[in-house]
Structure formats: C-alpha cells, structure tokens
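Peer 1: Fold the following for me, if possible:
(chains A and B)
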Number of protein chains: 2
Amino acid sequence: MTDATPPRPLARNPRGFADKRGRDLTAERRIVARVSEVYERWGFEPLETPAFEYADALGKFLPDADRPNEGVFALQDDAGSDEPGEWMALRYDHTAPLARFAAQTWETLPKPFRRYAYGPVWRNEKPGPGRFREFWQCDADTVGSDRPEADAEIIAMACEGLASAGLDAGQAQIRVSNRKLFDGLFDAGGVTEAGQRLTALRAIDKFDRLGWEGVVQLLGEGRLDESGDYTKGASLPTKVTTAIEAFLASANTPGLTRAQTLDAVARSGDLGAAGEAALNELAAIDRALAAMSVGQEAVKFDPTIVRGLEYYTGAVFEAELLLDTVDDKGRPVRFGSIGGGGRYDDLVARFTGQSTPATGFSFGVSRLASALRAAGRGAEDAVRGPVVVIVFSEDDMTHYLTAVAELRAAGIAAELYLGRAGMKAQMKYADRRGAPAVIILGGDEIAAGEVTIKDLDAGRAAAAAITDNDAWKAERPGQMKIPRDGLVAAIKSIIE
Amino acid sequence: MTDATPPRPLARNPRGFADKRGRDLTAERRIVARVSEVYERWGFEPLETPAFEYADALGKFLPDADRPNEGVFALQDDAGSDEPGEWMALRYDHTAPLARFAAQTWETLPKPFRRYAYGPVWRNEKPGPGRFREFWQCDADTVGSDRPEADAEIIAMACEGLASAGLDAGQAQIRVSNRKLFDGLFDAGGVTEAGQRLTALRAIDKFDRLGWEGVVQLLGEGRLDESGDYTKGASLPTKVTTAIEAFLASANTPGLTRAQTLDAVARSGDLGAAGEAALNELAAIDRALAAMSVGQEAVKFDPTIVRGLEYYTGAVFEAELLLDTVDDKGRPVRFGSIGGGGRYDDLVARFTGQSTPATGFSFGVSRLASALRAAGRGAEDAVRGPVVVIVFSEDDMTHYLTAVAELRAAGIAAELYLGRAGMKAQMKYADRRGAPAVIILGGDEIAAGEVTIKDLDAGRAAAAAITDNDAWKAERPGQMKIPRDGLVAAIKSIIE
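Peer 2: So this is what the prediction gives:
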C-alpha cells in the first residue's frame, strides 16, 4: 500500500444484511434439505428462477407498497448500452417469479405443474433488530388445478414439511380460511369497490395484533396508533362491519372440529353466493385432509385468517407456531406465524389473460430455525470440528500432511494447523474449532514410529473432575501414545 | 380483469438471467453437495455472506472495470430515508465478501480461518449465448496462513472436489504458477509502475487465447483485434518482453514433472529476488502435494498461468478440463478453464492495514455441470418422476388420496393427478412426468377391493417390441390388476 492509496474502507455489512455461519447456518441448511425431500416425495419438482425479474413482471403485491419500486431493490438495466433500460428488481418472494415462469412456459409444462423453490428474497425495508432485508423462503405451489384437493395437498404437505424440519405434533398448527367468505360478506353488504375491499381485508388481517377494537376503527374512518401515525380506514357501512364482527366471532369456541367450525360460520349471517362456494371448498378440503389422516389439531379452520397479500382469491392458510409457552390460564400462547399461503387464481392471468388456477405455501427458513432453537431443537446442529494435527517443524511437514491425508481417506474430517503459533495456541485453536482430538507428531514420536493423541472430549471431562493440579499434570487425561500405524483406528474409536 | 387494467406484462426473463430446472438443476445441486462434503472433510466451515456489500467494501477488482460500478449491479441504499445513501452492489465473487468478513470478525475467528462458500454471483455485463449475468460459484479459502502448504492444501482439495463432482482422473488438471515470478521479471527489467505491471499481466493472461504473437503486441504499443477494437499496450522495454518470452517458453516441453518445470524456469533468465522466493514457494508446494499423493498429471506447474484478477500476490492456480477431444495430431485439446484461484495477501489489509495472508480456489458450478454433461456424465441426474394416481370421479377422491398417502408413507414419491382432463391426457401427463407407474382405482376396482397398476417402463419396452397392434391391445403390456392391499409392495417391486 502506498501513500496514494485511498482511505481504507470500513469492514461492515450493509444495514439489514447478515453473515451466517456455524450452527445457525447448519440448522437452516438442514431444514431446507429435509423439507425438499418431503416436497419431492409429494411429486413437487425443484425450480430455480433468477434473483432479478423485470419490475412489471414482478408486479406490486407487497402490502403497503404504493410508491414505485417501494419495498423492492430496483435498478435500470443498462447492460450493453449507455441508455438506461428497463427497470429490474430483486424478487421479494418466490410466487411472483413462479407466475412469470408458468405464463412463459405454460405450453411446454406438464399440467398441473407442481414445483418447490427455496432461496433468498429481498425486501427494501427499514432494517431493525431481527428484521433483515435478505432472508430465505421455501415455497411449494401447484399451478393449473382448481380442485380444493390441491389446496388440501399443499396444507397436508406443509404439515409434513414442518414436522420433518423438527417441529413435533402440537408445536405447529395450520389455520385455514377462504377469501371468498369476505367476498360474500362484501357482496351482501353492497361493498363493490376493489380498493375499499382490499383496505378492509388488510384491516381484518391485523385482528391478531389489534383485536376487534383496533380492526373496527380501521374498517370505519381510521385509526390513530400509539406512535401518533394515522391510518385511513375502509369506511365500510356499519351493517357490514357488524356482519364482519359476527363472522369473525362465529367460531371462537375452543376445540371445534373443522366441520363444526364450518357449521358455526355458516350460521353467522348472510355470506352470499361467494360465501356458500367458499364453505363448499372448505368442506372438500376437510374431506381430503381426513383422507390424508391430517388431524384436527394439526389443521384448523379459522375465519379470522385473511393474509395481507392482495393476490389471494380463495383458500388462505397460515402456519402458527405453538410452543411450550402458556398464558396465565394455562392455554398455549402463539409464538406467531412462520408461513402461509393460499389460492391465487389470477396471478398467471396477469400475463396471459387466461385464467390459470394456482395455490401454494411459503415459510421463512430463518424464522423456523429460530423457532426450533427456541424449542430446544438445536442440539443436533452443534458443529463438530475436524481432528487437528499440530505443527512443530517445517522439516516434518511431510509427516503431518501424510497423517492428515490418511485420516481424510478414512472419511474423518481432519486438518493440519497452518499458522505460525506455538503449541499452546494450537491447542487453544483445536479447542475453539470443536476438534474431537489433536494429533502430535513431534520429533521423538516420528523417530520412534509413534504418535500421541489427545482426546479433547475425554480431557475436558477429566479436567472437570480433577481438582488437584498435580494429579492433572501426572495423569494427562485423555492423552495416549500409540504406534503410528494405529492412528486411524484410534481416532475412529474416539469419534464414533 | 376489468377494462381499467393496465396492459399485460410480457412474461420473460431479464436479459442474461435464466430459469433452472430438471436434470440441469439436479446436476448443479449434486455438484455443490458433493464438493461441500469434501471441503468439510478438509476442515473448511460453511459461510454465507449476503448478496449485497457496500461498494467500497467490494472494491474494484474485476478485469476491465475502470468506470464507477462498471461490471456490477449497484444501487444507492435509501432505506428509512428520503435521501439516497451509500452505494451497495451485488457481490461479483465470493472472495471480496470473505475479505470484508475476515477483516470485520478477525479478532473472534479461530486462525487460520478455513471456509467454503457457494451461491450465485452477479456481473452486470452484456449477456450473450451461454454468457449469463447470474451464475453459481463455489469457493474455498484459507485466511491467515502464509505457508505454501496452505496453497498446496487448496490445490489438492480442489482436485478431490472436482473428482467427487464426477471428473475422472485425466479429465481435469490444475496448472500452478506464482505471480512473484513476474514481479521478479519486472524488477529485473526496471518496470516499477503498478499500472504498467497490471496491463502487462493481463496481456500475458491472454496467452492461451492469443498466443505469443498477440501477447507481444499487448506488451508493446497495443493491438488491433479482428473486430477493429484497439487495446492499448503496456509499452514494456524490449528487453523485458524478450525476458518474458524466454520465461513463458521455458517449460513448454510436454511431460515435465513439477520439479523439472521449476528447474527449467530457473534457467530461463534473471528472475530477481522475488522470482527466487516464488521458486522456493513452488518447491514447497510440490513437496506438500507429493505428501498428499497428488500426481504429476493432476497438478502441473506452468509459467504461462497468470490469472486476470489484480489482487493475486503469490501462487496462482487454474483448473483446466481435459476432455476426450483431440486435435489433428492426437493431442488432447483444452476444453478450457472451469476455475482458479491463488494467494491474495493484501485483500484483508485493504480494510485493516494489517497484512493478512490468504489463499483460495473458486470454480463455476454451471460450467462444471456443462462439462460433465459433455463428458457423458449426466445419466445419473435423469429425473425420476413420482407414481401417478389417476382421477376418475370426485366421489372417489378419498380412495385416491388414501392410496397416495400410503405410497408416500412407504417412502415412495407419489401424487394424485389434480387436473380436469380425461384418462388419455392423464396417461400422457404421467409419461411426461417420468412416472415409473400409474395407479388406476376405477369404480370397478374399488368395488372389488382391487387396484390396476401400469408399469410404464415395462409398457414402453414392450411397446417397442410389439409390432402387431391387435397383440398390443390384447396383452396390455406392463398392466396388472391386484388386490388393493398389495399396492405398496407391487409398486416397490417395480421401482426397486
């Protein structure tokens, strides 16, 4: 570096972007691998679309995304030209790219088309604690089936996927409803304007967080929240708001079966033709779930489920984590949503003009990994390090490298310490790497055709038991000197 | 869709971005999985850095990247503010993010730090046939070791990684040299200016493509290529160009061992102190490779290897594919480079000001997958589809779904056809899905407690053998009716 070198850049992540390693990364990769295996067994094929889409193809379906390119990372394509070209944006989910792909390749696809996808998605939002601008989602979708059994299959598969990832029975629940129930309520109440309906749906979607008191303000004139921000409401007629209240409250008795929930909802008021159709679809989903042996606890019907995304047209699902936390009445408390989905029959038609029914489910990989950690499921992701060979002298490099190669050839993760530090620092390094054992090939050992092995786990256990420092030095717990040709067998007996 | 709907977007990929599915995607994922397994056995831990880095942290190390943000996808971070903020850019490789990560976390890392990484990288270049703006790279690097054994380990591990991905002995070769050899040549010839040296190195890097005739023009005043583009040269003194010619030609006798190559290079002229240091490092690499049983054919020393990236400071490597193609003299023809790497001792110091030696290797996942396909290695990636259950009547959905669930519970990939088409189209669907078998549960079968299974592979084989259409109809090859409770066993006997 010369004096003309510009000032040194600061080594830092962009705001809202994180590095991943160690057990967190291992846990996420394990989830993706296990869920992929389940999805392939259900006949879903992998698909990988690019990070970028043209902005018009991506569409604007993020909630609260009213300004151009709001919420996405967008730039103008200038490749091969000095003129700025079309706007491209990084995908914010895996659904919009699937709709583009399906529209583009529809004639050549086997239909219905089942695919799963995983990978990062990007949202250009203000970052905060635990709120990242890049995160992994894992999706499965069926395009080209209007059958309720396609929804049921997605729901049942999501249950099996979450179980394969490590969530036990009772730790997760999928709650299901149908957007057409609200269509029926709006139709019956004479609410016809699409924007007004969407504002109302997004208000209802906040039921979990705001309760009925907050929702009713957002269905009416508007709501002033604690931070002083005012949100304009949907201005629904009072009779519609009343009907919605009765509808949302219709099935809040604990322990209802799916069929009982449908009965209760049907009795809540006038749901119109769309509502009747929704109830029939949900009844068919219930029968299909029963045929696939999906229990009443694993999947519930719940009229308060809406989903915030504009594009849903029928069944909607939300996966909730129910961990061991209980409230003061001993009832399980919700950890929160880790995923969801639903039917979006118009998304492919945006491109083709031809109705193409579709349904799918998506979950957040990092969020599920955090939940599993919270549930005490992280132990199996503890990272076991390689066996470490200590370096003493440059002249003996060949001896060290031969030992490492022997171990690896036997399928044992192993490495030679390649720094310049002394014995003590190397032992500390091996400990930090989580090494099960350290191999010492000093001049004496080499001359005698021997090798010293330190079993670090045994050493740690013994060290915890021994309180007398002199005894420690005399015994050297976990350390043994053996003939050099017994190296691989000795290490195997330590790590297996 | 109403008349007020804006014009429909065209469903198309952004230029230079591709969708991946089927055997191509399976092949790439298999490569990544197998190479990861090797790298972990060598003690390298996984690390995942974000897609974005701040532009100053990423640096400008792409060849021909002289304009601001040239070659990268960059945008200004505006999250949480109306003012445009710092420039961020998508990573163009995995090395620059590693340098940032290492500088940022150095105090907390076990040292030397070995990590591997895989995932997409993005280059904002003019797309063309086979030239994508998003592609996967897989990297392994050791940060914090100045030992030549660290370079040797990376090289030997790259060999094992490529072999695990499916390249047989003799199908790939890693060629190794050392940038300091050129430092020595420049020092000896009085060429001290960094820009002039870099221009000369990039000229020499084109040796494979342009031959000496083209390189000598680029080392001199410049070169006019066939398309009429003029590239300004390095304007080296003639005696330096002559020394470089002797150096590049010094080891072009086929069949030299690594040690013989070093001897030949040492005799080619004055390599200065830097050159002597380089030869010593290469000799140590040779000894370490021998200790790890890396053969002379798998790794060669080759003075024509330079690498185009500015940041290399010592050993440089290039992985070449040698496939079965031969030229008119029967000599193997190079398929080309699929990866490379080298030592970059100053990249972390960009941030910290403290010298932190590092070395690594990177290969292109898609390029390796293409090469394996060209080598006829794609067969194992053929996608086997799920067993398909045919749908006849809505009333029998429970029977179909139960059968599918039974198969899946037995670990067999299976699905219910969920479209609305008739029997013939469903059979065609199953065929296109690569289904091994089709399951028919018609009203008759259900009533009789039976199931009909069509073995599609057997059917196809028989169909190819039968020429008489009537015999075909009478025999229905590959079709059998069995008791319903024998379904899983019968399917297992077909697919296993």
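
Peer 1: quick one, what contacts the closest residue to chain B within the stretch 151-300 of chain A?
Peer 2: As assessed by Cβ to the nearest Cβ, chain B sits closest to A:Ala291 within the stretch 151-300 of chain A, at 3.8 Å. Backbone N, C-alpha and C define where each C-beta goes, glycine included. The neighbours of A:Ala291, taking Cβ atoms under 8 Å, 6 or more residues apart in numbering or on different chains as the test, are B:397-398, B:401-402, B:405.

Peer 1: What of A:Gln296?
Peer 2: A:257-258.

Peer 1: Break chain A into its domains for me.
Peer 2: A:22-191+A:237-379, A:385-495 (automatic domain parsing).

Peer 1: could those domains be laid out in TSV, adding mean pLDDT?
Peer 2: What follows is the domains of chain A, written out as TSV (pLDDT from 0 to 100):
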stretch	mean pLDDT
domain A:22-191+A:237-379	91
domain A:385-495	91
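
Peer 1: Tell me which of these sits most buried.
Peer 2: domain A:22-191+A:237-379 (a mean of 20; mean count of other Cβ atoms under 10 Å in any protein chain shown).

Peer 1: ok, back up a step: JSON lines please, covering the domains of chain A and showing distance to B:Leu162.
Peer 2: Putting those into JSON lines (distance: least, Cβ to Cβ, whole Å) gives the following:
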{"stretch": "domain A:22-191+A:237-379", "distance to B:Leu162": "22"}
{"stretch": "domain A:385-495", "distance to B:Leu162": "16"}
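
Peer 1: Does the residue of the stretch 351-496 of chain A found nearest chain B lie in a helix or a strand, and which?
Peer 2: Distance from chain B to each residue of the stretch 351-496 of chain A (Cβ to the nearest Cβ) is smallest for A:Glu415, at 3.1 Å. For A:Glu415, the host element (DSSP states H and E) is strand A:414-416.

Peer 1: Over to A:Gly336?
Peer 2: strand A:332-343.

Peer 1: What are the contacting residues of that strand?
Peer 2: A:139, A:141, A:151, A:154, A:158, A:162, A:172, A:179, A:208, A:307, A:312-327, A:357-364, A:367-368, A:371, A:374.

Peer 1: what's the answer for stretch A:271-284, then?
Peer 2: Residues outside stretch A:271-284 that contact it (Cβ under 8 Å, 6+ apart): A:147-149, A:151-152, A:176-181, A:183-185, A:187-188, A:247, A:258-259, A:262, A:265-266, A:301, A:314-315, B:397.

Peer 1: surely A:Arg12 meets B:Ala57?
Peer 2: Yes. A:Arg12 is within contact range of B:Ala57, at 7.2 Å (criterion: Cβ atoms under 8 Å).

Peer 1: ok, and A:Gln173, which helix or strand is that part of?
Peer 2: strand A:172-178.

Peer 1: packing partners for that strand?
Peer 2: helix A:148-165, helix A:272-291, strand A:299-301, strand A:315-326 (3 or more Cβ pairs under 8 Å, 6 or more residues apart in numbering or on different chains; DSSP states H and E).

Peer 1: what do A:Arg12 and B:Ala57 both touch?
Peer 2: B:Arg100.

Peer 1: if we can go back for a sec, quick one: the contacts of A:Ala291 as CSV, columns for distance to B:Val438 too.
Peer 2: Converted to CSV, the contacts of A:Ala291 look like this (distance: Cβ to Cβ, whole Å):
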residue, distance to B:Val438
B:Met397, 17
B:Thr398, 19
B:Leu401, 16
B:Thr402, 17
B:Ala405, 17
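
Peer 1: Tell me which of the residues you listed fall in helices.
Peer 2: B:397-398, B:401-402, B:405 (DSSP state H).

Peer 1: Contacting chain A as well, which ones from those?
Peer 2: Subset of these in contact with chain A: B:397-398, B:401-402, B:405, counting by Cβ under 8 Å from any Cβ of the partner chain.

Peer 1: Show me what residue of the stretch 1-150 of chain A gets nearest to chain B.
Peer 2: Counting by Cβ to the nearest Cβ, the stretch 1-150 of chain A gets nearest to chain B through A:Gly43 (3.1 Å).

Peer 1: which residue packs closest to that residue, ignoring adjacent ones?
Peer 2: Spatial nearest neighbour of A:Gly43, chain neighbours left out: B:Glu415 (3.1 Å); criterion: Cβ to Cβ, 6 or more residues apart in numbering or on different chains.
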